Every structure is written in structure tokens, then in C-alpha cells.
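*Asks:* After the sequence you'll find the predicted model.
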Amino acid sequence: MARRPRRGFSAEFKFERVIEALLGEKSSAQICREREISETLLSRWKQEFLERGAVVFERNGDKQRDEAEQRIAELERMVGKLALENEILKKASSLLGSDWQRNVR
């Protein structure tokens with residue numbers, strides 16, 4: 001018997017199926033039949049959702065925002081440094097360019 005290739009499910013699909021099952025409007029068996037997934041798979045998704053659901057309420061958003069702000073500040077410093085270097089190179093180029101053109105003639 002040939003094996004079917006594995007199907008991939010998006011996070012949104014999994015979330016919607018778990019919510020359907022948790023709301024109880026349809027039985028798990030009915031959801032699985034309609035979506036052609038196994039009950040074991042749906043059970044695993046529900047278990048993972050219930051175990052990791054508390055992560056939504058953690059304050060990781062603040063940490064990520066702080067990291068993003070630090071990265072932005074670092075990039076702004078780099079831009080400033082590069083702008084200064086660019087200005088110095090333009091001035092040096094104009095000074096050397098005029099000397100170079102005099103020597104070439």
C-alpha cells in the first residue's frame with residue numbers, strides 16, 4: 001500500500017480547528033471527517049495549544065520591542081557614521097581631484 005505524502009497545515013488552519021473543537025459546536029470526529037485529518041492529530045494540536053497558550057499573555061512583546069529599539073538606535077548610529085565618512089570622502093575627493101587635474105595637464 002502506497003503512503004500518501006505528508007500534508008502541511010498552516011498555523012491558522014490548526015488554530016481554527018482547535019478552536020472549533022474547544023467550542024464544542026461540532027464533535028472532534030466530525031471536524032476530523034470534514035477536514036480529512038486524524039483525531040490523533042487534532043488531539044495533539046489541542047494539547048499543544050493548551051500547553052503553550054499562556055505564552056500569549058507573557059510580556060515578550062516588551063522584550064521584543066526593546067530589542068527592536070536597540071537595533072534601530074544601532075542602525076541610526078551606523079547611518080550617521082557612514083554619512084560623516086561620505087562627507088569626508090567627498091571633500092577629500094574634491095581636494096585631490098583638483099590637484100590631480102593640475103598635474104595631468
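*Replies:* Cool, the structure landed.
*Asks:* make it CA atoms for all contacts and neighbour counts henceforth
*Replies:* Noted.
*Asks:* since we're on residue 21, how many residues are nearby?
*Replies:* 20 (other C-alpha atoms under 10 Å).
*Asks:* pretty sure it is touching residue 29, no?
*Replies:* No. Under the criterion of C-alpha atoms under 8 Å, residue 21 makes no contact with residue 29, lying 9.3 Å away.
*Asks:* So which bits of the host helix or strand of residue 40 are buried?
*Replies:* Element membership of residue 40, judged by DSSP states H and E, is helix 39-52. Neighbour-count burial for helix 39-52 flags 42, 45, 46, 49 (criterion: 16 or more other C-alpha atoms under 10 Å).
*Asks:* contacting residues around the third one?
*Replies:* This means residue 46. Applying C-alpha atoms under 8 Å, 6 or more residues apart in numbering, we find residue 46 in contact with residue 18.
*Asks:* Distance of it relative to residue 23?
*Replies:* 12 Å (C-alpha to C-alpha, to the nearest Å).
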